[in-house]
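Chemist: 3D model of this:
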Amino acid sequence: MTGDGESLLSSAGASLLVDTARFSGLDPALSRELAPWRSPWAIHDPGKIILDLATAVALGGDCLADLGVVRAQPELFGLVASDPTVSRLITRLAQDAPTALTALRRARAAAREKVWSTASPVPQQGHIIIDLDATIVASHSEKEGATATWKRTFGFHPLLAFVDHGPGGTGEYVGGQLRIGKATANDAAAHIAVLTEALQQLPEHERPRVLVRGDAGAGVQAFVRHLHDTGLAYSVGLYVHHPILDALPQIPKRAWRAAIEPDGSARDGAQVAELTRYVRPSKSPWPPGMRIIARRERPHPGAQLRITDADGWRITVFATNVPGGRVADHELTHRLRARAEDRIRCVKDTGLRNLPLQGFAANEIWLEIVALANDLLAWTQHLALTGTAARVWEPKRLRLRLLTVAGRIVRTGRRTLLRLPRSWPWARLILTAHRQLADLSP
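Modeler: Numbers count the residues shown, from 1 in each chain. So this is what the prediction gives:
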């Protein structure tokens, strides 16, 4: 074994991320928005530093020092800042975190508009679904803002928002708020703030089509009232409280209909019914037009029933303001909210498994870098891998098969070539992805 090889790259497939950033205009957008944080004597552009960090996270990094993987491949990623330079930039951004976060989000929104105008990842008709969900990020040291969580762990409780691309795609991380560990799941103000941020990430003409989807944490009156006042559609879970429990026995047996699977077939042992007319008005009325739909299903053998379950049925309830249609279709739409769990798993696999910095504001900046990394992956799949199986691969598989393949730089005949191994099973897929990106470029 020798260590004297030349012109070798360990992340040759990450050239797809570089091309995606260039095509979307993310690199100039970051440079423009972060210009106020560039010192007159600085060699490195703050926008390039943040993009390099996002690339390192997309490749599997989970701390600032992992930028070394990108720095070690200048033929692919160019000149990369040193660790002290990166630390100083993060410190400066954290000192004015609200302004810095706004600048980073503007850059992401501008790039997203370019991507969506080229090839929209959402259906041309119908709703654009934004999923809201919170998750626990554990901390193994007493970082600022880390507290005990409701799951009896220690860390943070961020609230996140995703655009769902549907069954043929993945999704995009469009909003997030870092919160202390003891933050509640049903905080209406946090939901409003994250939704507002998510809407600003979407092209303006697409925002009226949004349907907001969430679990019972989103099904609180203040947030539902906000959705009604802004004219957005919603499908949010409700806690099964006494008015709903009192209404369940009043539903005629003939009113229960079979729940359905995504392919349209009946779901075995699951039924749905609309409760709206049977629930007594509360003292603080919900907004007009709200429908309450219940789903009951026989628990699997060995499952422990909850106190809110009735007659051996597992009961779940949600509210929606979408008029008409079959109740089973509305319930299926709401049940597919489970895709948000896939998105959270992918985000945790791309930088959110750990919040590496000590200060709360610095970790807010890190959360935005995580968002950029997930954008790069999602846009690469949408633009370069459409029509292939890799369109729905999760980040781990993308890295193992495409992004971290080794390559060699060869300069010949006034050309620079990046050669991939002939025996690599997915080399042709990488080449096809590059061609798709090249075809999209003007």
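Chemist: Look up phi and psi at the nearest residue to R343 once chain neighbours are set aside.
Modeler: Excluding the flanking residues, the one nearest R343 by CB to CB, 6 or more residues apart in numbering is F162, at 4.4 Å. C-betas here are computed from N, CA, C, even on glycine. Main-chain dihedrals, F162, degrees, to the nearest 10: phi -130, psi 140.
Chemist: Over to F154?
Modeler: phi -130, psi 130.
Chemist: can you count the residues close to it?
Modeler: Neighbour count of F154, defined by other CB atoms under 10 Å: 17.
Chemist: Now stretch 160-167: buried residues?
Modeler: By 16 or more other CB atoms under 10 Å, the buried positions in stretch 160-167 come out as 160-165.
Chemist: Among these, list the two that are farthest apart in space.
Modeler: The distance between the two most remote of the buried residues of stretch 160-167 (CB to CB) is 15.8 Å, for L160 and H165.
Chemist: Wait, R314 touches R296, no?
Modeler: Yes - shown here, R314 and R296 form a contact pair, counting by CB atoms under 8 Å, at 6.7 Å.
Chemist: Comparing those two, which residue is more hemmed in?
Modeler: Ranked by neighbour count (other CB under 10 Å), R314 and R296 place R296 first, with 22 against 18.
Chemist: what about the more buried one, distance to A247?
Modeler: 13 Å (CB to CB, to the nearest Å).
Chemist: Equivalent analysis for H241, please.
Modeler: With CB to CB as the criterion, H241 and A247 are 10 Å apart.
Chemist: before we move on, what about E364?
Modeler: 43 Å.
Chemist: Of these two, which one has the most company?
Modeler: Applying other CB under 10 Å to E364 and A247 shows that E364 carries more neighbours, namely 22 against 18.
Chemist: could you list every residue that touches H44?
Modeler: 79, 81, 85 (CB atoms under 8 Å, 6 or more residues apart in numbering).
Chemist: just those residues now: which is nearest G219?
Modeler: Looking across those and measuring by CB to CB, the closest to G219 is A81, at 45.1 Å.
Chemist: For the residue lying closest to the closest one once chain neighbours are set aside, give its distance to A65.
Modeler: Distances taken as CB to CB, 6+ apart place H44 nearest to A81, at 4.2 Å, with adjacent residues excluded. Plainly put, H44 is 17 Å away from A65 if you go by CB to CB.
Chemist: Where does H140 fall, secondary structure wise?
Modeler: Element membership for H140, per DSSP states H and E: none, as it lies in no helix or strand.
Chemist: State the distance from it to G155.
Modeler: Counting by CB to CB, the separation of H140 from G155 is 8 Å.
Chemist: Longest helix of this structure, counting residues only.
Modeler: For the chain, the helix that runs over the most residues, judged by DSSP state H, is helix 360-384.
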